[in-house]
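*Asks:* Sharing a model prediction with you, sequence too.
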Amino acid sequence: MATARACANIALVKYWGKRDAALNLPATGSLSLTLSALKTETSVVFEPELASDSIAINGIVTNPAEVRRVGKFLDLVREHAGIGTRARVISFNHFPTASGLASSASGFAALALAATRAAGLELSPKELSMLARRGSGSAARSLFGGFARMHAGDRDDDAYAEPVASPLAARVRMVIAIVAGGAPKHVGSRDAMDHCAATSPLYPAWLELVPDDLAAAERALAAGDLRSLGELAEANALAMHATALAARPAIVYWQPATLALLAKVRALREAGRAAWATIDAGPHVKVLTTAEDAAEVARAVAVVDGVTQVIPSEVGGPAELLG
Ligand code: PMV
């Protein structure tokens, strides 16, 4: 039996498109910030008497689709370890809310660490990152604390993340504004990125843009230049959403509150605060800010109509074994 904990991460340069679906290889690299407020804790035990994998998340036995997804992931671990034993997986998302925040990043990172240990394997951080990627692309980055850079790689299975040191890691915070209610049918990131790649006339431009954004983000991280990083993160997220808006039919993740939050973040900046927005495959807005400005940012976004919860977060550490 092994238990591991991992934090979720939010991309500042987004992963949005695959070059290989079977191996879950990304079309481009990406760059993220790990968040302490969003944690998953997962225990795994391989039990010879089990006839099939058993998976419970937050005390609830998961649906067959989720069991298949996790089971396929556990198959990779079994293959690696040369065992056939089925596993019992018990996972808790310690998220302040369940409302549409992606838990696949922290979930598959914690699962990769706990399952490999429970199977008697000791993988390097790079190997663990490659394994976590097979569960969810963003999970490859959640093995690491602070800023993490995902490399797209150019061969078969060389896409992995690694931490990026920056003086900004000690200064930044993220404020998550949850937008709920009235959301149309949600399109998961996996289907949405495939749909964009297949139909969006802006997708080729996106693929061209990301390497430049990544290089600029890394320069900003090295220089401790928060303004450049923030401006880039906001522009990159809007470009990702532009590919979705231009897809046919369109994928529109935004709600009225999403736009109101974008305006609020702009107003905060004009008032001299550090505040830059990023948005993932949903209506919520995550604001990159500083320790000094986080409380003011949290107060300002909380009063936007349609915001149901605000989660301030510090920078999270790397995934770790708890036992
Ligand atoms: O890891 P996935 O397959 O859920 O994809 C994540 C996609 C985004 O959250 C929109 C962007 C990112 O890089 O995390």
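*Replies:* Yes, it's here. Residues are numbered from 1 along each chain as shown.
*Asks:* The ligand contacts on this protein?
*Replies:* 11, 14-15, 30, 102, 104-105, 136-138, 189-190, 280-281 (Cβ under 6 Å from any ligand atom). C-betas here are computed from N, CA, C, even on glycine.
*Asks:* This protein: helices as residue ranges?
*Replies:* Assigned by DSSP state H, the helices in the chain fall at 64-81, 104-118, 125-135, 189-199, 203-223, 226-246, 256-270, 294-302.
*Asks:* any chance of the residues of the chain next to the ligand in CSV, plus neighbour count and pLDDT?
*Replies:* Converted to CSV, the residues of the chain next to the ligand look like this (neighbours: other Cβ atoms under 10 Å; pLDDT from 0 to 100):
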residue, neighbour count, pLDDT
A11, 24, 98
K14, 28, 98
Y15, 26, 98
S30, 27, 98
A102, 21, 68
S104, 21, 90
A105, 30, 95
S136, 25, 95
G137, 27, 96
S138, 29, 97
S189, 20, 90
R190, 16, 90
D280, 21, 94
A281, 22, 92
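*Asks:* list the contacts for V301?
*Replies:* V175, A177, L261, K264, V265, V285, V287, V307, V310 (Cβ atoms under 8 Å, 6 or more residues apart in numbering).
*Asks:* Swap in 6 Å and give it another go.
*Replies:* Listed by Cβ atoms under 6 Å, 6 or more residues apart in numbering, the contact partners of V301 are A177, V310.
*Asks:* Give the full set of residues in contact with N9.
*Replies:* Contact partners of N9, counting by Cβ under 6 Å, 6+ apart, are S32, T34, A105, R141, S142.
*Asks:* Leaving out sequence neighbours, find the closest residue to the residue in the stretch 51-200 of the chain that the ligand sits nearest to.
*Replies:* With Cβ to the nearest ligand atom as the measure, S138 is the residue of the stretch 51-200 of the chain nearest to the ligand, at 3.2 Å. Excluding the flanking residues, the one nearest S138 by Cβ to Cβ, 6 or more residues apart in numbering is A105, at 4.1 Å.
*Asks:* measure that neighbour to A140 for me?
*Replies:* Distance of A105 to A140, given as Cβ to Cβ, to the nearest Å: 9 Å.
*Asks:* E270 too?
*Replies:* 36 Å.
*Asks:* Please identify which of these two sits among more neighbours.
*Replies:* More crowded of E270 and A140, by other Cβ atoms under 10 Å: A140, with 34 against 9.
*Asks:* And the more buried one, what's its pLDDT?
*Replies:* For A140, the pLDDT comes out at 98.
*Asks:* which one is it nearest to, not counting chain neighbours?
*Replies:* Using Cβ to Cβ, 6+ apart, the closest residue to A140 is R133 (3.8 Å).
*Asks:* and that neighbour, how many neighbours?
*Replies:* Around R133 there are 27 residues (other Cβ under 10 Å).
*Asks:* Make TSV out of the helices of the chain and add distance to A148.
*Replies:* Shown next, in TSV, are these (distance: least, Cβ to Cβ, whole Å):
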stretch	distance to A148
helix 64-81	20
helix 104-118	10
helix 125-135	9
helix 189-199	17
helix 203-223	11
helix 226-246	14
helix 256-270	23
helix 294-302	21
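*Asks:* now, of these, which is deepest in the fold?
*Replies:* Of all the helices of the chain, helix 104-118 carries the top mean neighbour count, a mean of 28, counting by mean count of other Cβ atoms under 10 Å.
*Asks:* what about stretch 13-25, how long is it end to end?
*Replies:* Its first and final residues considered, stretch 13-25 spans 16 Å by Cα to Cα, to the nearest Å.
*Asks:* Okay, buried residues for it please.
*Replies:* V13, K14, Y15, W16, G17, K18, R19, N24, L25 (16 or more other Cβ atoms under 10 Å).
*Asks:* re earlier: closest one to G120 out of the contacts of N9, please.
*Replies:* S142 (22.9 Å; Cβ to Cβ).
*Asks:* Parallel or antiparallel, which strands does the helix-or-strand element of the chain with minimal mean pLDDT pair with?
*Replies:* For the chain, the helix or strand with the lowest mean confidence is strand 60-61, at a mean of 89 (criterion: mean pLDDT, DSSP states H and E). Strand 60-61 sits in its sheet next to strand 54-57 (antiparallel), going by DSSP bridges.
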